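K.L.:
output the structure for:
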Amino acid sequence: MSEVRRLHVVITGRVQGVGFRYYVLRCARDRGLVGWVRNRSDGSVELVAEGDEASLRGLLADLKQGPSLSWVQQVSIEWQSPQPGLQGFDIGPTAY
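P.N.:
Here you go, the predicted structure:
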């Protein structure tokens with residue numbers, strides 16, 4: 001069985017108002033990941049995802065592509081140790 005890893009990501013560019021969070025939600029659920037995605041007040045999108053490394057790396061590739069109306073400028077990633085308590089993958093409230 002693969003080791004569970006945690007990924008914290010902040011995406012900048014034209015990533016709000018273009019369906020980016022719903023795109024991430026679909027991609028993460030399709031890959032069997034748990035976590036959340038949310039808009040940030042600075043115009044970026046932030047997410048935390050946990051799962052096996054191959055699925056997380058696949059999600060990173062998805063993020064760099066983005067939905068058709070988006071424009072991804074930068075994807076900042078931080079690998080972390082998994083934390084207990086995440087279930088499913090959801091859209092969270094905007095972080096202010």
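K.L.:
count of residues packed around the residue nearest to Gly66 when sequence neighbours are not counted?
P.N.:
Closest residue to Gly66 apart from its sequence neighbours, by Cβ to Cβ, 6 or more residues apart in numbering: Val72 at 4.7 Å. In this view, the C-beta of every residue, glycine as well, is placed from N, C-alpha and C. Using other Cβ atoms under 10 Å, Val72 has 17 neighbouring residues.
K.L.:
could you pull up the residues touching Val72?
P.N.:
Residues near Val72 by Cβ atoms under 8 Å, 6 or more residues apart in numbering: 11-13, 15, 63-66.
K.L.:
going by neighbour count, which of these comes out on top?
P.N.:
Val15 (27 neighbours).
K.L.:
ok, now which ones touch that one?
P.N.:
When contacts are counted by Cβ under 8 Å, 6+ apart, Val15 touches 43-45, 66, 70-72.
K.L.:
and for Asn39?
P.N.:
Going by Cβ under 8 Å, 6+ apart, the list of residues near Asn39 reads 16, 21, 45-46, 94-95.
K.L.:
kindly recompute the last result at 10 Å.
P.N.:
15-17, 20-21, 45-46, 91-96 (Cβ atoms under 10 Å, 6 or more residues apart in numbering).
K.L.:
could you dump these to a markdown table with pLDDT?
P.N.:
Below are the contacts of Asn39 laid out as a markdown table (pLDDT from 0 to 100):
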| residue | pLDDT |
| --- | --- |
| Val15 | 98 |
| Gln16 | 97 |
| Gly17 | 96 |
| Phe20 | 98 |
| Arg21 | 98 |
| Val45 | 98 |
| Glu46 | 98 |
| Ile91 | 97 |
| Gly92 | 95 |
| Pro93 | 93 |
| Thr94 | 92 |
| Ala95 | 88 |
| Tyr96 | 82 |
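K.L.:
return the member of the contacts of Val72 nearest to Leu25.
P.N.:
Distance to Leu25, by Cβ to Cβ, is smallest for Leu63 among those, at 12.1 Å.
K.L.:
just checking, Val18 touches Pro67?
P.N.:
Yes: if you go by Cβ atoms under 10 Å, Val18 and Pro67 touch, sitting 6.0 Å apart.
K.L.:
could the contacts of Val72 be laid out in CSV, adding distance to Glu53 and secondary structure?
P.N.:
Output for those, formatted as CSV (distance: Cβ to Cβ, whole Å; DSSP: H, G, I helix; E, B strand; the rest coil):
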residue, distance to Glu53, secondary structure
Ile11, 19, strand
Thr12, 24, strand
Gly13, 25, strand
Val15, 24, coil
Leu63, 15, helix
Lys64, 17, helix
Gln65, 19, helix
Gly66, 22, coil
